[in-house]
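Q: quick one, structure for this:
(2 chains)
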Amino acid sequence: SQTIHQWPATLVQPVGSPLSLECTVEGTSNPNLYWYRQAAGRGLQLLFYSVGIGQISSEVPQNLSASRPQDRQFILSSKKLLLSDSGFYLCAWSTGGGYNEQFFGPGTRLTVL
Amino acid sequence: KQEVTQIPAALSVPEGENLVLNCSFTDSAIYNLQWFRQDPGKGLTSLLLIQSSQREQTSGRLNASLDKSSGRSTLYIAASQPGDSATYLCAVPLSSGSARQLTFGSGTQLTVLP
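A: Sure, this is the predicted structure:
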């Protein structure tokens, strides 16, 4: 069976510090991978998605970036965090090709102070 | 632009009641619709995926229906239990642009009282 992991589970960072959140998927090959953000009182917003190694699409202009160094690894990064980057970050995967069911990880709670 | 609305925003019911959660979308040219559950501070758990060619999908006490022409889906929960308390979200793929993006509703927060 497939499982998706995210770490860290929680993170408190000062404004201006760098960020690296990691997501890995087990039990599947060549998945589509997604990063979403859920801010307090707001819905889920898609930030990035990837259909393969090194292939990243950005949905929202921001100071975040994503990378996919391996088939089942997806990383969300920032060089300098802003207060507005606080939120709950969720990674998801789906099988490749078409409109397939998405499965979500446990999330990372990021607080920027 | 696809917009997804969920009504009610919050619902509180006594244990044992059958209940219906509603989801509406503005663009009926969808490929599927997915229902999720989110517990506080947790990720999303996929409950049901209904393909555009289907009208219903069932899993245990959950039954989801889809009416594309009217832009509506309902999630029916039978014999509700306190463990069903969570936020329920529906989502549809965008009808234009990347096929892989989901547009989410804002959710219905369900509380089942023992």
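Q: what residues does chain B have near chain A?
A: Taking CB under 8 Å from any CB of the partner chain as the measure of proximity, chain B contacts chain A at B:31-32, B:34, B:36, B:41-46, B:49, B:89, B:91, B:93, B:98-102, B:104-107. Every residue, glycine included, has its C-beta placed from N, CA and C.
Q: of the residues you listed, buried ones?
A: Among those, those buried by neighbour count (16 or more other CB atoms under 10 Å in any protein chain shown) are B:32, B:34, B:36, B:42-44, B:46, B:49, B:89, B:91, B:93, B:100-102, B:104-107.
Q: residues contacting stretch B:38-55, please?
A: For stretch B:38-55, contacts defined as CB atoms under 8 Å, 6 or more residues apart in numbering or on different chains pick out A:6, A:88, A:90, A:92, A:101-107, A:109, B:30-37, B:56-59, B:62, B:64-68, B:73, B:75, B:86-89, B:107.
Q: just want the most central residue of chain A.
A: The centroid of chain A falls nearest to residue A:35 when counting by CA atoms, centre = their mean (3.0 Å).
Q: helix, strand, or coil at that residue?
A: Assigned state for residue A:35: strand (three-state reduction, DSSP: H, G, I helix; E, B strand; the rest coil).
Q: for the residue lying closest to residue B:30 once chain neighbours are set aside, which residues are in contact?
A: Spatial nearest neighbour of residue B:30, excluding adjacent residues (CB to CB, 6 or more residues apart in numbering or on different chains): residue B:92 at 4.6 Å. By CB under 8 Å, 6+ apart, the contact set of residue B:92 is B:2, B:4, B:25, B:30-34, B:102-103.
Q: and which of the residues you listed is nearest chain A?
A: When those are ranked by distance to chain A (CB to the nearest CB), residue B:31 comes first, at 3.9 Å.
Q: ok, for residue B:14, nearest residue in space, not its chain neighbours?
A: residue B:113 is the one closest to residue B:14 (CB to CB, 6+ apart), at 5.2 Å.
Q: who touches that neighbour in this structure?
A: Counting by CB under 8 Å, 6+ apart, residue B:113 touches B:12-15, B:82.
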